[in-house]
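Q: this one's sequence-less:
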């Protein structure tokens, strides 16, 4: 089967990157809340990856379009400033290691002035690699990995079929830091439902403290029709928390997580309210914003449902 180029799904901070697909879909395509659960993992041929890098180089150097490349390549290149590259798709770190190293070396050969390469990575991807292997990728400018943690509660992780547990996620984070890479993680408010809310928050605060990432973002659960979690909600087996209860969970994370130096935010479009700040120094400021909002409980201060998105 030929490789199908994935849609661009990327962290907000990678908006100005060139999006270079190595894979499509996700290796852990079983998470019950995620629309990636509809997809199978696709691995792109290394020669095709290098062909796209050649096309990038030809366009940047001379404005030449190479035959056989999709128009999206040139649409991205017209906006690209040459600084950053983001490897697609859901976890490009699953790309076979020798080929991944080869692709990065080739990219740096063609674009020696690139400042940083980034990728999504599952904890399982990271655990498959030694610290030495991760350091070799770092030497090829793979400087930041984005990891979906979702929850620190093993019960929640099992129910959503994350196929990894609390301690393994922490171990993966430690490997990233030992390799000298930046680590950006996301967690999902509301993923424990009503019954599991308190434990979800306490265990997620604990895992964030143990991981101590450079960046941490809180998303709010958005049910996607067709996913397993959506079906559980329809059957009454999962109860969504309210918008204001999601802000209570967010407050619980801010209160109970100890960071060394982390940019923490809830800027994602799924959230009902956006906060951002450096932790720990901005903790009181963020708590003040959330306390003011929770004391008023005015729905008009929240992002309306029709403006929320994935």
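A: That came through fine. On a predicted model such as this, the values are computed, not experimentally measured, just so you know.
Q: only C-alpha atoms for contact and neighbour calcs from this point on.
A: Fine.
Q: Could you measure from residue 86 over to residue 24?
A: 13 Å (CA to CA, to the nearest Å).
Q: Over to residue 52?
A: From residue 52 to residue 24 the distance is 16 Å (CA to CA).
Q: Between these two, which is the more surrounded one?
A: Taking neighbours as other CA atoms under 10 Å, residue 52 and residue 24 compare with residue 24 leading, 23 against 20.
Q: That one against residue 5, yeah?
A: Yes. Counting by CA atoms under 8 Å, residue 24 touches residue 5, with 6.8 Å between them.
Q: which residues sit against the helix or strand hosting residue 251?
A: Secondary structure from DSSP states H and E places residue 251 in helix 243-256. Defining contact as CA atoms under 8 Å, 6 or more residues apart in numbering, one finds that helix 243-256 is touched by 189-190, 197-198, 201-202, 204-206, 218, 220, 272-273, 283, 286-287, 290-291, 294, 297.
Q: So which elements touch the helix or strand following it?
A: Proceeding N to C from helix 243-256, the next assigned helix or strand is strand 262-265, under DSSP H and E. Applying 3 or more CA pairs under 8 Å, 6 or more residues apart in numbering; DSSP states H and E, one finds that strand 262-265 contacts strand 215-220, strand 276-279.
Q: what does stretch 269-278 contact?
A: 218-222, 243, 247, 261-268, 283, 286, 289, 301-304, 307-310.
Q: give the contact list for residue 214.
A: Residue 214 touches 182, 183, 184, 261, 262, 263, counting by CA under 8 Å, 6+ apart.
Q: mind checking how far the nearest residue in space to it that is not next to it in sequence is from residue 208?
A: In space, not counting the residues next to it along the chain, residue 214 is nearest to residue 262; the distance is 4.6 Å by CA to CA, 6 or more residues apart in numbering. Using CA to CA, we find residue 262 at a distance of 10 Å from residue 208.
Q: between those two, which one's more packed in?
A: Of the pair residue 262 and residue 208, residue 208 is the one with more neighbours under other CA under 10 Å, namely 24 against 19.
Q: Now do the SS call for that one.
A: In the three-state summary, residue 208 is assigned as helix, counting by DSSP: H, G, I helix; E, B strand; the rest coil.
Q: distance between the ends of stretch 149-164?
A: Terminal residues of stretch 149-164 lie 10 Å apart, using CA to CA.
Q: Could you confirm residue 144 falls within a strand?
A: Yes. Residue 144: assigned to a strand according to three-state DSSP.
Q: Now for it: which residues touch it?
A: 116, 117, 118, 119, 181, 182, 183, 184 are the contacts of residue 144 under CA under 8 Å, 6+ apart.
Q: one more time with 7 Å, if that's ok
A: In this structure, residue 144 makes contact with 118, 119, 181, 182, 183, judged by CA atoms under 7 Å, 6 or more residues apart in numbering.
Q: When you filter the contacts of residue 214 down to buried only, what's left?
A: Buried by 16 or more other CA atoms under 10 Å: 182, 183, 184, 262, 263, out of these.
Q: got a markdown table for the contacts of residue 214, with distance to residue 234 and pLDDT too?
A: Shown next, in a markdown table, are the contacts of residue 214 (distance: CA to CA, whole Å; pLDDT from 0 to 100):
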| residue | distance to residue 234 | pLDDT |
| --- | --- | --- |
| 182 | 39 | 98 |
| 183 | 36 | 98 |
| 184 | 33 | 97 |
| 261 | 41 | 97 |
| 262 | 37 | 98 |
| 263 | 36 | 97 |
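Q: Lovely, talk soon.
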